[in-house]
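Asks: My questions concern the predicted model and sequence given below.
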Amino acid sequence: MKDRIKKLRKVLKDRKLEGVVITSRPNTLYFSGFAGSSSVIVITQTKAFFATDFRYIEHAKEICGKSYKVEQFEKRADDWLLEKLFDLKLELVGFEEQEVSQARYTEWMRKPPCRFTAIQDELSRIRMVKDKTEVAKLQKAVDLAEDTFDYIIGIMRPGMTENQVAAEMEYYMRKNGATAPAFETIVASGKRSSLPHGHASEKVIEKGDPVTMDFGALLDGYNSDMTRTVFVGEPTSKMKDIYNTVLKAQQASEEMVHAGLTGAEIDKIARDIIYGAGYEGCFGHGLGHAVGIEVHESPRLSPSNPNPIENGNVLTVEPGIYVEGYGGVRIENMVLVNGTEPMVFNKSSKEMLIL
């Protein structure tokens, strides 16, 4: 945590800020290791304070005591915060403008002489580059998702509903160490596989159906995110063509996840293959996004990202083709940007699988 706080203090120096207030769960976890639901952090160039309520105080001292002075607030976090800012005589402080409600911000502003300025983008940029500890945790989360995939393809059969498949997957993850699924498990079969984010339903999986499963595990504070489309019985020739086109796009773009290329340039690799195969208009989302403490982080692989990716970014590569009223395919891996040799977290095969 000391290295992360050091990076944050450099931002404060560059922005000429006297301190920063951190209240969001993701940034609290990143900068302190604390995962509870009630806390507030104040960091200056020379001091670091962590406050929580009675429920978490013992745990907070254990987790945060080496990097922070841990204090307990009796009633409200904001009462402690405003008093602390006043005691420290801070005048210009950064805060997470996207996380603080207008009502809360208005209350903060009633307590002179402190002024607040937006700093959330800078906090997000610090988190973009994953350290070795984070990479190891992400690998464990991916490994659990991969084990879940192996489990579900071993029991999936015609007659099961999408909800049953999703429930089996989420139970397996929880039973094997996950805090929770990383997000609501997506299972979309048959014609419903044309829905990029098709929530699992009571639809019965039928012979010949494509089944798209988008899922991940939250493990030790970090998320995984993977997608596989399998077939329960022989697919149509058109569905095979769709699958092979997506696979070609996924492999080609994954191999080019190189530091220095922009998110838009990598997205274009997959998009050109899909559009060139006659499926223009059937790939309507970006190629991928960063993953870490949150499932969707920055940077993004998309036509709208002109910025180069960096070593240490962890990104999904997930092209898809979705034909309305017919069906669709998506294939997704997680990748660590590592120069010109990206490290792929996933080990499971992406080749067409017919159950």
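Replies: That came through, no problem.
Asks: ok, the residue nearest in space to the middle of the chain - contacts?
Replies: Nearest to the geometric centre of the chain sits residue 295, at 1.7 Å (CA atoms, centre = their mean). Applying CB atoms under 8 Å, 6 or more residues apart in numbering to residue 295 gives the contacts 182, 183, 216, 223, 225. Placement of C-beta: from N, CA and C, glycine included.
Asks: And for residue 149?
Replies: For residue 149, the residues meeting the contact criterion (CB under 8 Å, 6+ apart) are 213, 215, 226, 228, 348.
Asks: Okay, buried residues for the helix or strand harbouring it please.
Replies: Assigned by DSSP states H and E, residue 149 falls within helix 132-155. Buried residues in helix 132-155, counting neighbours by 16 or more other CB atoms under 10 Å, are found at 134-135, 137-149, 151-153.
Asks: Quick one: residues contacting residue 242.
Replies: Counting by CB under 8 Å, 6+ apart, residue 242 makes contact with 279, 321, 323, 327, 328, 329.
Asks: For the last one, identify the helix or strand it belongs to.
Replies: Which is residue 329. With DSSP H and E as the criterion, residue 329 is inside strand 327-330.
Asks: C-alpha coordinates for whichever helix or strand comes after that strand, CSV please?
Replies: Using DSSP H and E, the helix or strand that follows strand 327-330 in sequence is strand 333-336. The C-alpha atoms that make up strand 333-336 are tabulated as CSV, following Å, rounded to 0.1, in the frame of the first residue of the first chain:
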residue,chain,number,x,y,z
ASN,A,333,-10.2,-13.9,-22.9
MET,A,334,-8.4,-11.7,-20.5
VAL,A,335,-4.9,-10.4,-21.5
LEU,A,336,-2.0,-8.7,-19.7
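Asks: if we can go back for a sec, which helices and strands sit right next to the strand holding residue 329?
Replies: strand 209-215, strand 226-232, helix 237-255, strand 320-323 (3 or more CB pairs under 8 Å, 6 or more residues apart in numbering; DSSP states H and E).
Asks: May I see the buried residues of the longest one?
Replies: Just to be clear, that refers to helix 237-255. 239, 241-243, 245-247, 249-255.
Asks: Need those residues in CSV (columns: pLDDT).
Replies: Below are these laid out as CSV (pLDDT from 0 to 100):
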residue, pLDDT
239, 98
241, 98
242, 98
243, 98
245, 98
246, 98
247, 98
249, 98
250, 98
251, 98
252, 98
253, 98
254, 98
255, 97
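Asks: And these, which is closest to residue 47?
Replies: residue 254 (44.4 Å; CB to CB).
Asks: so that closest one makes contact with residue 334?
Replies: No. Counting by CB atoms under 8 Å, residue 334 is not a contact partner of residue 254; they are 10.0 Å apart.
Asks: now stretch 219-236, how far from the chain's geometric center?
Replies: 16 Å (CA atoms, centre = their mean, to the nearest Å).
Asks: List the buried residues for it?
Replies: Buried residues in stretch 219-236, counted by 16+ other CB under 10 Å: 219, 221-232, 235.
Asks: Dump the C-alpha coordinates for it into CSV.
Replies: Extracted as CSV, the C-alpha positions of stretch 219-236 are listed here (Å, rounded to 0.1, in the frame of the first residue of the first chain):
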residue,chain,number,x,y,z
LEU,A,219,-12.1,-13.6,-5.7
ASP,A,220,-9.9,-11.8,-3.1
GLY,A,221,-11.2,-8.4,-4.3
TYR,A,222,-10.4,-9.0,-8.0
ASN,A,223,-12.7,-10.0,-10.9
SER,A,224,-12.4,-12.3,-13.9
ASP,A,225,-14.5,-12.0,-17.1
MET,A,226,-14.7,-14.6,-19.8
THR,A,227,-17.1,-15.7,-22.5
ARG,A,228,-17.5,-18.9,-24.4
THR,A,229,-20.2,-19.9,-26.9
VAL,A,230,-20.7,-23.7,-27.2
PHE,A,231,-23.2,-25.8,-29.2
VAL,A,232,-25.5,-28.3,-27.7
GLY,A,233,-25.8,-30.5,-30.8
GLU,A,234,-24.6,-29.9,-34.4
PRO,A,235,-24.9,-26.2,-35.4
THR,A,236,-26.1,-24.9,-38.8
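Asks: Need the mean per-residue confidence for that stretch.
Replies: Mean per-residue pLDDT for stretch 219-236: 97.
Asks: packing partners for the helix or strand bottoming out on mean pLDDT in the chain?
Replies: In the chain, no helix or strand scores lower on mean pLDDT, DSSP states H and E than helix 102-109, which sits at a mean of 91. With contacts taken as 3+ CB pairs under 8 Å, 6+ apart, helix 102-109 sits against helix 77-88, strand 115-118.
Asks: just those: most buried one?
Replies: When the helices and strands packed on helix 102-109 are scored by mean count of other CB atoms under 10 Å, the highest mean neighbour count falls to helix 77-88 (a mean of 16).
Asks: Sketch out the low-pLDDT regions of this protein for me.
Replies: 112 (pLDDT under 70).
Asks: Repeat the analysis, applying 80 as the threshold.
Replies: For the chain, the stretches with pLDDT under 80 are 111-113.
Asks: So it: which segments form each domain?
Replies: Each domain of the chain is listed here as a residue range: 2-128, 132-344, per automatic domain parsing.
Asks: Span of the first one from start to end?
Replies: Think domain 2-128. 17 Å (CA to CA, to the nearest Å).
Asks: Send over stretch 274-286 as CSV, restricted to the C-alpha atoms.
Replies: The C-alpha trace of stretch 274-286 is given here as CSV (Å, rounded to 0.1, in the frame of the first residue of the first chain):
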residue,chain,number,x,y,z
ILE,A,274,-16.0,-9.2,-38.9
TYR,A,275,-17.1,-6.5,-41.4
GLY,A,276,-15.1,-8.1,-44.2
ALA,A,277,-16.9,-11.4,-43.7
GLY,A,278,-20.2,-9.7,-44.4
TYR,A,279,-21.3,-9.0,-40.8
GLU,A,280,-21.1,-5.2,-40.7
GLY,A,281,-23.7,-3.9,-38.2
CYS,A,282,-23.6,-7.1,-36.2
PHE,A,283,-20.7,-6.1,-33.9
GLY,A,284,-22.1,-3.1,-32.0
HIS,A,285,-19.9,-3.0,-28.9
GLY,A,286,-16.3,-2.3,-28.2
